[in-house]
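> A structural model of the following input is requested.
(chains A and B)
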Protein chains: 2
Amino acid sequence: MSILIEDVLLGGRDTNVFIEGNIIAEIGRKQEADIVLDGRGKACIPGLINAHTHAAMTLFRGYADDLNLQEWLEGKIWPLETKLTAEDVFWGTKLACLEMIKGGTTTFNDMYFFMEEAARAVLEMGMRAVLSYGVIDLFDEGKAEKEIEATQDFIRSVEALKSSRINPALGPHAIYSVSRGTLESFKEMAMDRGFKVHIHLAETESEIKQSKEIYGRGPVRALEEMGLLGPWLVAAHSVWLADADVRLMGERGVSVVHNPTSNMKLAVGRAFPYKNMRAAGVNIALGTDGASSNNNLDMFEAMKLACLLQKFYTRDPTVLRAEEAVRMATGGGAAALGIAAGKIEEGKLADVALVSLRRPEMVPLFSLRSNIAYSANASAVDTVICDGKILMEDRRVDGEEEILRRAGEIARNVASR
Amino acid sequence: MSILIEDVLLGGRDTNVFIEGNIIAEIGRKQEADIVLDGRGKACIPGLINAHTHAAMTLFRGYADDLNLQEWLEGKIWPLETKLTAEDVFWGTKLACLEMIKGGTTTFNDMYFFMEEAARAVLEMGMRAVLSYGVIDLFDEGKAEKEIEATQDFIRSVEALKSSRINPALGPHAIYSVSRGTLESFKEMAMDRGFKVHIHLAETESEIKQSKEIYGRGPVRALEEMGLLGPWLVAAHSVWLADADVRLMGERGVSVVHNPTSNMKLAVGRAFPYKNMRAAGVNIALGTDGASSNNNLDMFEAMKLACLLQKFYTRDPTVLRAEEAVRMATGGGAAALGIAAGKIEEGKLADVALVSLRRPEMVPLFSLRSNIAYSANASAVDTVICDGKILMEDRRVDGEEEILRRAGEIARNVASR
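As a prediction, the model looks like this:
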């Protein structure tokens, strides 16, 4: 199977992008292909990479907003989560995939439960994902054993799918909810088998306090002591960090995922230390977090908010420029997740979004990156290709109506259980 | 001419909205109408009110981002503005109107120059607007005289249009760019003839310093001394204010316009004092500011950013709830501009937007206001009615292609002059 995207804007000029199988095979020459897409009036960008989310939480979108963190989690979200079934997670993940595809996202990094069902949803929807079962053992040895088993079961189930689009990862929830034993055994698995480790890190000030109570040091130092800081680590949030922590994360090759919308909505009290991260050479990715703390999965909005929050917080409008946000949402995510995507380049995976330029908010076109980071939203995306297959064309995705109907029914049902 | 919107979600139930002429005549009963719109799967909301913008600056979208304020204004924007012609402003305003209509905005409050052309654009596009010629006299008496004349000419030209959709207003740019004499004569005109006075107020810390140098007091106290604080005043930004200033603004019945996106992007260094404003009973509206400091005119995004910025800045996720943001973008704007819109209610002006609920980011529908303020963007709007006329149906606006083409050409041309 081959696809030619004809006369599309890429790198400042109109060119042609030839996809063969699941690879970007050639850029420049017009050639015969099984499918020809008209790229006129469109820009070709890498499929966006949502490097931290909890996909099935789309089911809780708008269920509990404008509340204090404790009231939100303990009073609203956790009680609903205990009622979720595998079927619910399947449809919640399908809804998330649909929303992400419609916003030009081709890959996401997910942490939740009933992850076999999440994998099935991703497989059906045609996206690429790194999936981790979210482990919480609350320092209980029996629970720890079960959670590690659940992780291993999940990994085996993903391996049985034999899909190059889905990679399993390890998902210790956070330093305050997972015991040292579990973290250390995950470190072994990461080293032995090359898994990524997806964790919430330094999201709130209270996490820092809890880490000091439990481990006698902050979360970064605790992870370092356990040997968990390394290129396998994908650390979501990474807000409440000392300068020395950031430098250490840079030295160890850790990737971080900034979630500006969630950080602002949940009022975590500080902004992601972007300048320090960049100076320390930390690889920076971008995420939306789950829909219940955002409330959408729009990576365009995340790019804009990343820039705006840094400018506002540091009182410097030159900090975090448009092109840096685009990099975070593409190449930064690809590096964090270890996938050969995030760039429109020969030899890379054919994960591509075409963005329409014939929309009022995209006119004039002085700077494509400015228009993408600051002016566009998810709806500017016209066509999405993942792994060499067209997932959306002219904004149409197969099965959309059924997903909206089923997910809507299930969400109402969950809330009334 | 009558329109019936059938089976549309409004106030938590499906109902019917009957529009006769330019008025919402009846809510509830199905009845015969010249045009029947299918409201199923849609919510009926008031047309949004963008209470502070510089519409024609769409021409500079993406032209100069990520720069320091001085470099941005003096090095980039002002040099281009001196080259603008009446024709440019006409097409820039058309582009802005198109973008706003496509985002459910039916009314905007504009300040710029060549405003006769802006009025012509608004008239053609079918929107409602309060338009002011932006006066800058730089404390030069000769210039002041000319600027007041230009204002009077503009008002006469709008009056000659005899359109109930366009109201002229007075537009003294800011306290540091307009002399006392001009401000005082505007006060007389506002009192005598009922005009609104649209001003930039307390946007940056340097404005406070300049006001103290010129008037020996901050901008609010200076305006109070000139008698300009009153229900006619529409004060954009209103960020750098002491508590006592806010209380005084409440007592005088001033309206303020919060522009969260612009404030963050330009790094004004403080957040709008929302809690104080609300406590002081100040009427609060919402705006996008011009496209060159935003870079879009999406009022949904402005609602979300207003909520997120307050939560983040005050470290309290309960501050500025979804419904308060929706009120700012509708009723708050209507009150600021003195128009009988901003609410879907019998007897109000027929300025209405239908928002599609059959979109991934709008599913599930636990809370319409949460989905509108936090999840939706401009593209969720399906149909727009202003003054009883349909401006957009199924996202199609008459003349869209020509506006995109002409405005794009003009922007390129301006930049190369």
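> and the nearest residue to A:Glu401 once chain neighbours are set aside, what are its phi and psi?
Setting aside the residues directly before and after it, A:Glu401 is nearest to B:Arg358 in space (Cβ to Cβ, 6 or more residues apart in numbering or on different chains), at 7.7 Å. (Glycine included, C-beta is placed from N, CA and C.) Note on B:Arg358: backbone dihedrals following degrees, to the nearest 10 are phi -100, psi 60.
> test my guess that B:Arg358 contacts A:Leu404.
Yes. Between B:Arg358 and A:Leu404 a contact is recorded at 5.8 Å, counting by Cβ atoms under 8 Å.
> of those two, who's got more company?
Taking other Cβ atoms under 10 Å in any protein chain shown, B:Arg358 and A:Leu404 do not tie; A:Leu404 has more neighbours (22 against 16).
> measure that one to A:Glu99 for me?
Distance of A:Leu404 to A:Glu99, computed by Cβ to Cβ, to the nearest Å: 10 Å.
> what ranges in the stretch 301-417 of chain A fall below the confidence cut-off?
Within the stretch 301-417 of chain A, not a single segment meets pLDDT under 70.
> run through the helices of it in chain order.
Taking DSSP state H, counting those that start in this stretch to define them, one finds helices in the stretch 301-417 of chain A at A:322-327, A:333-337, A:368-370, A:400-416.
> same check, this time on the stretch 101-250 of chain A
Under DSSP H, counting those that start in this stretch, the stretch 101-250 of chain A gives helices at A:115-125, A:141-161, A:180-193, A:205-215, A:219-225, A:243-252.
> want to throw these into JSON lines with mean neighbour count, mean pLDDT and distance to chain B?
Compiled in JSON lines, the helices of the stretch 101-250 of chain A are given as follows (neighbours: other Cβ atoms under 10 Å in any protein chain shown; pLDDT from 0 to 100; distance: least, Cβ to the nearest Cβ, whole Å):
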{"stretch": "helix A:115-125", "mean neighbour count": "23", "mean pLDDT": "98", "distance to chain B": "12"}
{"stretch": "helix A:141-161", "mean neighbour count": "16", "mean pLDDT": "98", "distance to chain B": "24"}
{"stretch": "helix A:180-193", "mean neighbour count": "17", "mean pLDDT": "97", "distance to chain B": "29"}
{"stretch": "helix A:205-215", "mean neighbour count": "16", "mean pLDDT": "96", "distance to chain B": "10"}
{"stretch": "helix A:219-225", "mean neighbour count": "22", "mean pLDDT": "98", "distance to chain B": "20"}
{"stretch": "helix A:243-252", "mean neighbour count": "18", "mean pLDDT": "98", "distance to chain B": "21"}
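> would a markdown table of those helices with distance to B:Ser292 be doable?
Output for the helices of the stretch 101-250 of chain A, formatted as a markdown table (distance: least, Cβ to Cβ, whole Å):
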| stretch | distance to B:Ser292 |
| --- | --- |
| helix A:115-125 | 38 |
| helix A:141-161 | 48 |
| helix A:180-193 | 47 |
| helix A:205-215 | 37 |
| helix A:219-225 | 40 |
| helix A:243-252 | 34 |
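> and the stretch 201-350 of chain A, which residues reach chain B?
Proximity of the stretch 201-350 of chain A to chain B, by Cβ under 8 Å from any Cβ of the partner chain, involves residues A:261, A:263-269, A:271, A:291, A:294-298, A:301, A:304-305, A:307-309, A:311-312, A:314-318, A:321-322.
> which of these are buried?
A:261, A:263-269, A:271, A:291, A:294-298, A:301, A:304-305, A:307-309, A:311-312, A:314, A:317, A:321-322 (16 or more other Cβ atoms under 10 Å in any protein chain shown).
> and the helices of the stretch 301-417 of chain A, which is most packed in?
Of all the helices of the stretch 301-417 of chain A, helix A:333-337 has the most neighbours on average by mean count of other Cβ atoms under 10 Å in any protein chain shown, namely a mean of 26.
> using PDB, write out every CA atom in that helix.
Extracted C-alpha coordinates of helix A:333-337, given in PDB (Å, rounded to 0.1, in the frame of the first residue of the first chain):
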ATOM      1  CA  GLY A 333       7.100  13.000  22.400                       C
ATOM      2  CA  ALA A 334       8.700  10.600  20.000                       C
ATOM      3  CA  ALA A 335      12.000  10.700  21.800                       C
ATOM      4  CA  ALA A 336      10.200  10.200  25.200                       C
ATOM      5  CA  LEU A 337       8.400   7.100  23.900                       C
END
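> contacts made by that helix with the rest, please.
Residues from elsewhere that reach helix A:333-337, judged by Cβ atoms under 8 Å, 6 or more residues apart in numbering or on different chains: A:46, A:48-51, A:107, A:109, A:130, A:167, A:196, A:234, A:255-257, A:283, A:285-286, A:340-343.
> so chain A: which segments form each domain?
A:2-46+A:350-400, A:48-337 (automatic domain parsing).
> pull the distance from the shortest one to the chain's centre.
On the basis of Cα atoms, centre = their mean, to the nearest Å, domain A:2-46+A:350-400 is displaced by 21 Å from the centre of the chain it belongs to.
> same question for the longest one.
Taking Cα atoms, centre = their mean, the mean C-alpha location of domain A:48-337 is offset from the chain mean by 7 Å.
> go on, stretch A:407-417?
Put simply, stretch A:407-417 sits 25 Å off its chain's centre (Cα atoms, centre = their mean).
> residues contacting it, please?
A:58-61, A:63, A:80, A:83-84, A:87-88, A:91-92, A:94-95, B:363-366.
> any of those buried? List them.
Buried, going by 16+ other Cβ under 10 Å: A:58-61, A:63, A:80, A:84, A:88, A:91-92, A:94-95, B:363-366, out of these.
> just the ones of those residues in strands?
When DSSP state E defines the strands, the subset of these inside them is empty.
> picking that back up, among the helices of the stretch 301-417 of chain A, which is nearest B:Gly332?
Using Cβ to Cβ as the measure, helix A:368-370 is the one of the helices of the stretch 301-417 of chain A that comes nearest B:Gly332, at 29.8 Å.
> check whether the closest one contacts chain B.
Yes. Using Cβ under 8 Å from any Cβ, we find that helix A:368-370 touches chain B at A:Ser370.
> contacts for that helix?
Residues contacting helix A:368-370 (Cβ under 8 Å, 6+ apart): A:Leu9, A:Gly12, A:Ala43, A:Ala322, A:Glu323, A:Val326, B:Arg61, B:Gly62, B:Asp65, B:Asn295.
> need the strands for the stretch 251-400 of chain A, in chain order.
Using DSSP state E, counting those that start in this stretch, the strands of the stretch 251-400 of chain A run over A:255-258, A:283-286, A:352-356, A:381-386, A:389-392.
> which of those is buried the deepest?
strand A:255-258 (a mean of 30).
> ok, residues contacting it?
Here strand A:255-258 makes contact (Cβ under 8 Å, 6+ apart) with A:51-52, A:109, A:201, A:231, A:233-238, A:249, A:272, A:274, A:277, A:282-287, A:306, A:328, A:332-333, A:335-336.
> just the buried ones from the residues you listed?
Of those, these count as buried by 16+ other Cβ under 10 Å: A:51-52, A:109, A:201, A:233-238, A:249, A:272, A:274, A:277, A:282-287, A:306, A:328, A:332-333, A:335-336.
> now do the contacts for the nearest residue to A:His200 once chain neighbours are set aside.
Excluding the flanking residues, the one nearest A:His200 by Cβ to Cβ, 6+ apart is A:Ala174, at 4.2 Å. A:Ala174 makes contact with A:Ile199, A:His200, A:Leu201, A:Glu203, A:Glu207, A:Pro219, according to Cβ under 8 Å, 6+ apart.
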